[in-house]
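**Q** Just the structure for this:
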Amino acid sequence: MKLGELDSIDGKILGMLQANCKMPWGKIAEQVGLSAPSVIERVRKMEERGIIRGYHALLDGRSLGLDVTAFIGVIVERHESLERLEKQIEALANVLECHHVTGEYTLLLKVKTRDTASLETLIQRIRKVPGVSRTETMVVLSTHTERVQLHLEESPFLDPKRSRRTERNFAEAREAR
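**A** Alright, predicted model coming up:
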């Protein structure tokens, strides 16, 4: 399976797994018109290629006592130390995301902490990482939209034309029943 070899059936499988990664193989197979072993094989290939990186439970931080979400902009002194710095930041458990960005900041971090005191401690730890010049923190007051699922219709690698024949055959088989 090469990069451009994903088809609309792969897209449907990915969409269903994003929505519920515990969905039984048989149910996925029924919805895409393949056998369960065929679906399992497609998923295995997408896992091997790194398209599917893992399966996770989505937890509600607030219900677990992690009430503070913040974004921390980090300005780095020297970009040659960026990789080392990113590894040190990755080791901080409360850092959920670390992005190398354009603009005023070098890195943008998304963090979740128990309270503002633990946020302050985390900021102090980040500021002590060699190479960090300055930080700026934005505390989230409320969250309107937070997605973890990709909008697959935007992917240039999912070719809707590639599997039309398969989908047409599936529709014909359904009508014949």
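**Q** Run a quick neighbour tally on Cys98.
**A** 19 (other Cβ atoms under 10 Å). C-betas here are computed from N, CA, C, even on glycine.
**Q** Am I right that it is in contact with Leu85?
**A** No. At 9.5 Å, Cys98 does not count as touching Leu85 under the criterion of Cβ atoms under 8 Å.
**Q** Identify the contacts common to these two.
**A** When contacts are counted by Cβ atoms under 8 Å, 6 or more residues apart in numbering, Cys98 and Leu85 have Leu107 as shared neighbours.
**Q** Please report the distance of His99 from Glu47.
**A** 25 Å (Cβ to Cβ, to the nearest Å).
**Q** go on, Leu66?
**A** In terms of Cβ to Cβ, Leu66 sits 29 Å off from Glu47.
**Q** Compare neighbour counts for the two and give me the winner.
**A** Each of Leu66 and Glu47 has its neighbours counted (other Cβ under 10 Å); Leu66 has more, 18 against 13.
**Q** Confirm that one sits in a helix?
**A** No. Assigned with DSSP: H, G, I helix; E, B strand; the rest coil, Leu66 falls outside any helix and is coil.
**Q** which residue sits closest to the residue positioned nearest the centre of the chain, ignoring its sequence neighbours?
**A** The chain has Val148 as the residue nearest its centroid, 5.5 Å off, counting by Cα atoms, centre = their mean. Take Val148 and drop its neighbours on the chain: the residue closest to it by Cβ to Cβ, 6 or more residues apart in numbering is Leu58, 6.3 Å away.
**Q** What of Ile52?
**A** Spatial nearest neighbour of Ile52, chain neighbours left out: Met46 (4.8 Å); criterion: Cβ to Cβ, 6+ apart.
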